[in-house]
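J.: Have a look at this prediction, sequence included:
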Amino acid sequence: MKTLRPDDLGKKLLVEECQKISINTFLKQVKNKLKETLMLSQVEILNRNIELTTSNMHFGGSRNWFKCPLCTRKVGTLFVHPISNQIACRVCLGLEYRKRRYKRILEVQDKICSDKQSA
């Protein structure tokens, strides 16, 4: 970059002669600093402190995780139990997906039907 001299003040400068500050670059730097600061702290969710953690990826970069308050596993999603109001991962709260539940019901029904037909 060319240094500005006192006798250059009347002359128009070129864009290429000036330092460029891109909003995208600036926001990326701010986001990275904010992310680093945030990941080194705890967040408060529903009046409970939840620890955050990261893991490094094989080809660079990192992935962000919650730490389950009960088992301390890295998880991407925490759940609030509708009865106990406890926050934890799916495994600790004993939650399962609706589709999985129906799959078991269908398997049991198929077994009962096949047992009736063979008898």
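T.: Now that the structure is in, tell me what you want to look at.
J.: residues in contact with S84?
T.: Residues near S84 by C-beta atoms under 8 Å, 6 or more residues apart in numbering: none. Just so you know, the C-beta spots here come from the backbone N, C-alpha and C atoms, and that holds for glycine as well.
J.: run the last query once more with 10 Å
T.: Each residue near S84 by C-beta atoms under 10 Å, 6 or more residues apart in numbering is listed here: L93.
J.: Report pLDDT for it.
T.: pLDDT, S84: 85.
J.: in what helix or strand does it lie?
T.: Using DSSP states H and E, S84 falls within no helix or strand.
J.: from here on, count from 30
T.: All right, first residue 30 from here; so that's S113.
J.: Can you give me the separation between it and L107?
T.: S113 sits 14 Å away from L107, going by C-beta to C-beta, to the nearest Å.
J.: where does this structure dip in pLDDT?
T.: 30-39, 42-44, 46-50, 129-135, 139, 144-148 (pLDDT under 70).
J.: Please go through it and pick out the longest strand.
T.: For the chain, the strand that runs over the most residues, judged by DSSP state E, is strand 77-85.
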